[in-house]
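In: Curious how this folds, go ahead:
(2 chains)
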Amino acid sequence: MYVYDAFDRTLVAERVAEFRDQVARRFSGELTEDEFKPLRLMNGVYLQLHAYMLRIAIPYGTLSSEQLRMLAHIARRYDRGYGHFTTRTNIQFHWIKLDELPAAMADLASVGMHGMQTSGNNVRNITTDQWAGVAPDEIEDPRIWAEVIRQHVTLHPEFSFMPRKFKICVGTSSHDRAALRIHDLALRMHRNDAGELGFEVMVGGGLGRTPYLAKTIKPFLHKRDLLSYVEAVLRTYNQFGRRDNVWKARIKILVHDLGPEAFAKEVETEWEAIKNGTLALDPAAVMEIAGRFIYPDYARLDDNPPELAEKRRGDRRFAAWLDNSVANHKAPGYAIVTLSLKPEGGTPGDCTAEQMDAIADLADRYSFGEIRVGHEQNMVMPHVAQRDLPAVWRALDEIGVAGGNIGLVSDIIACPGLDYCSLANARSIPIAQELTRRFRNIDLQRDLGRLHINISGCINACGHHHVGHIGILGVEKNGEEFYQITLGGKADEDAKLGTLIGPAVPYAQVADVVEDIAAAYLELRQRPDELFIDTVNRLGVEPFKERVYATR
Amino acid sequence: MTSPLDQKIRISGPVMVTANRVGDGAVVYRSADARWSTDLADAAVTSDAAVARELLKSAIDDDLNAVGSYIAPVKRTETGRFQPGNLRELIRWRGPSIVLPAGSSVPSLVLQN
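Out: Model prediction:
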């Protein structure tokens, strides 16, 4: 866990007082909506179809049990008893009242939480691997570097009114679990030929109506230069990014129009002027930040305790959960447990107040009081002793988050879509729910293997449809909901954008189409262990397209 | 941002004016006597662009009580009542089309497709 200091607490408390005053002035008529809107957005308060929505930042996806209990309290006291975890590892409450927001924000501030920079044209919540600090393939804890950047860009006046929003992601593992290359700025830690640690810098990734994967503009950046280089990227974007057209304002358009080489040259010029200034990172300052991440005092345990093998033999559901939802930990005798927020017929990413409270209690008992949120809209208990796995599984099963479907076809990413969102053209959630019913059989899911379905209700792509193995995009045609299907996208270290397979299909046919695609894969794969994505890569989309449109 | 009043109002059937209430964001409809109501039955319905424009102007002027006023289509049902004329407005009127988590008191609309 990261321990916030007095500076952070003061900053958040001051913001609450400021917002309380702004809300009062809105109700008195002193502020019009046009004047108030940018102020509420600076605090993550949107207006959606049915109500205000409050988006709360979860920096690098890390929550303490105390914070999760507070989110349960917010859900229960100020909302309708549940919250929605997003693909940005934030949480949204969809039924919040404006007149109660200052009180809700004060409650959140008591545990160091807020909605600052979850909206607006600034640097948004910095994301990373939900297994940070515990993944066996990790070089260093990426949250340290995310926190270095977070501190620098929080309320930074130069970066509070950029051409558009700016999303940064940090990864330090060989396997990319954080979808680095769909971010405006992605920093991937690795060793250079001399064995030194540093970052590959990638810029200009993003989905939306013009999807691009981030391009490498600096293969290796020394750690000391991280902040100055990030500053140079932000300044270059701030200077050259378009402000005349909201659809062309993201950095991805600038990088594409200039070309990565020319963009990199501009960054280098800016960077040369500042690299040896105050932004050069002092190792002691980084150490101070690193020291605020408190790691558990792990017991000395052996891997694979006998009670685990015994339970696995006797319970198929437990075995499926163990195979799909439990991962190796860097500490012997421990495991990383992913909690599925993708139950059959449920809304991806939704979590009730009762579940949050129960997960917080379980985290205290079994995971050193720590919980994570991943961009795939699931939660993680990062430090579970393997000997405790049977008990943890039973407890998670009681609250409906012990699905053994992590990474499988029913582990669907979906945005809120037209059921909540004022930007959406079509619904996402009912499509996801129907698909989880169609693929309810866990044996079928395991046979299909790793298969990511991502659903967005509009071209803004909050559901990351471009990088789903199967991507589903809702569009509106003559007042009806239609859905475009893409295949072959992926968001890992071999990131790729999916290929559209043909004309959009109506709402009622989407689940049938996905079933057809899954059936075609089972027939076309060369071996049972050839993954869906590998079959699509080998054959292209044509055989799937033929299958889908042959009878439609 | 361009005001909706700066744009030419084109309507091809009956419309109403709708917005969200300032205090809680609830969906509200503009009535003929310049009030806001959460009940669609209270909405002023017109097929006349000039009348729609006046309704919209009065709604936008009431910035203290409602946010984001706009003109939306309605259609007359077999019983003679009006209901929203498209899916977006239907969802705003009746709530999400999905069953919400237990404990929620929000009405939900399970649409037939």
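In: quick one: contacts of the longest strand that chain B contains?
Out: With secondary structure taken from DSSP state E, chain B has its longest strand at strand B:66-76. Outside strand B:66-76, the residues that touch it by Cβ atoms under 8 Å, 6 or more residues apart in numbering or on different chains are A:33, A:47, B:4, B:9, B:11, B:13-22, B:25, B:28, B:30, B:36, B:40, B:43, B:45, B:52, B:55-56, B:59-60, B:82-86, B:89. Every residue, glycine included, has its C-beta placed from N, CA and C.
In: and these, which of them are in helices?
Out: Cross-referencing the contacts of strand B:66-76 against helices under DSSP state H gives A:33, B:52, B:55, B:56, B:59, B:60, B:89.
In: Could you give the bridge partners of the nearest residue to the fourth one once chain neighbours are set aside?
Out: The shortest distance from residue B:56 to any residue that is not its chain neighbour, by Cβ to Cβ, 6 or more residues apart in numbering or on different chains, is 5.3 Å, and that residue is residue B:17. Residue B:17 has these beta-bridge partners by DSSP bridges: residue B:71.
In: give me every residue that touches residue B:17.
Out: B:29, B:30, B:43, B:44, B:52, B:55, B:56, B:59, B:69, B:70, B:71, B:72.
In: How about the longest strand of chain B, which residues are buried there?
Out: For strand B:66-76, the neighbour count (16 or more other Cβ atoms under 10 Å in any protein chain shown) marks B:66, B:67, B:69, B:71, B:72, B:73, B:74 as buried.
In: in chain B, which residue is closest to the centre?
Out: Nearest to the geometric centre of chain B sits residue B:18, at 3.1 Å (Cα atoms, centre = their mean).
In: Mind checking which of the contacts of strand B:66-76 are buried?
Out: For the contacts of strand B:66-76, buried by 16+ other Cβ under 10 Å: A:33, A:47, B:4, B:14-22, B:25, B:28, B:30, B:36, B:40, B:43, B:45, B:52, B:55-56, B:59-60, B:82, B:84-85, B:89.
In: Distance check, residue A:478 against chain B.
Out: Distance of residue A:478 to chain B, computed by Cβ to the nearest Cβ, to the nearest Å: 10 Å.
In: Give me the number of neighbouring residues for that residue.
Out: For residue A:478, the count of nearby residues is 5 (other Cβ atoms under 10 Å in any protein chain shown).
In: Would you mind measuring from it to residue A:343?
Out: Look at residue A:478 and residue A:343: by Cβ to Cβ, to the nearest Å, they are 34 Å apart.
In: distance of the nearest residue to residue A:501 once chain neighbours are set aside from residue A:505?
Out: Of all residues not flanking residue A:501 in the chain, residue A:545 sits nearest, at 4.5 Å (Cβ to Cβ, 6+ apart). Counting by Cβ to Cβ, the gap from residue A:545 to residue A:505 is 12 Å.
In: Overlap of the contact sets of those two?
Out: With Cβ under 8 Å, 6+ apart, residue A:545 and residue A:505 have no common neighbours.
In: quick one: buried residues of the host helix or strand of residue A:22?
Out: Per DSSP states H and E, residue A:22 falls inside helix A:6-28. Residues of helix A:6-28 classed as buried: A:8, A:11, A:12, A:15, A:16, A:19, A:22, A:23, A:26 (neighbour count, 16+ other Cβ under 10 Å).
In: hmm, back to that, quick one: which of the contacts of residue B:17 is nearest to chain A?
Out: Minimum distance to chain A across the contacts of residue B:17 is 10.0 Å, recorded for residue B:69 (Cβ to the nearest Cβ).
In: Which per-residue confidence value corresponds to the spatially closest residue to residue A:547 that is not a sequence neighbour?
Out: Nearest residue to residue A:547 in three dimensions, chain neighbours excluded: residue A:520, at 4.2 Å (Cβ to Cβ, 6+ apart). Residue A:520 is assigned 98 on the pLDDT scale.
In: which stretches of chain A have low pLDDT?
Out: A:1 (pLDDT under 70).
In: Any idea which residue is closest to the centre of it?
Out: By Cα atoms, centre = their mean, the mean C-alpha position of chain A lies nearest to residue A:375, the distance being 2.3 Å.
In: is it fair to say that residue lies in a helix?
Out: No: counting by DSSP: H, G, I helix; E, B strand; the rest coil, residue A:375 is not part of a helix but coil.
In: Surely it touches residue A:179?
Out: Yes: counting by Cβ atoms under 8 Å, residue A:179 is a contact partner of residue A:375 at 5.7 Å.
In: any residues in contact with both of those two?
Out: Overlap of the contact sets of residue A:375 and residue A:179 (by Cβ under 8 Å, 6+ apart) consists of residue A:464.
In: Can you tell me, leaving aside adjacent residues, what's nearest to residue 39?
Out: As the question left the chain open, I've gone with chain A. Here the nearest residue to residue A:39 in space, its sequence neighbours aside, is residue A:22; by Cβ to Cβ, 6+ apart that works out to 4.9 Å.
In: try again with chain B
Out: With Cβ to Cβ, 6+ apart, the residue lying closest to residue B:39 is residue B:29, at 7.3 Å.
In: okay, the most far-flung residue of chain B relative to its centre: pLDDT?
Out: Residue farthest from the centre of chain B, counting by Cα atoms, centre = their mean, is residue B:102 at 27.7 Å. Model confidence at residue B:102, given as pLDDT, is 70.
In: can you check the one 5 residues further on too?
Out: Residue B:107 is assigned 55 on the pLDDT scale.
In: Give me every residue in the stretch 301-450 of chain A lying close to chain B.
Out: Counting by Cβ under 8 Å from any Cβ of the partner chain, the positions of the stretch 301-450 of chain A adjacent to chain B are A:345, A:347, A:350, A:352-354, A:418-420, A:427, A:429-430, A:433.
In: just chain A next, same as before
Out: So chain A meets chain B at A:26-27, A:29, A:32-34, A:47-52, A:80-82, A:95-99, A:345, A:347, A:350, A:352-354, A:418-420, A:427, A:429-430, A:433, A:479, A:481, A:507-508 (Cβ under 8 Å from any Cβ).
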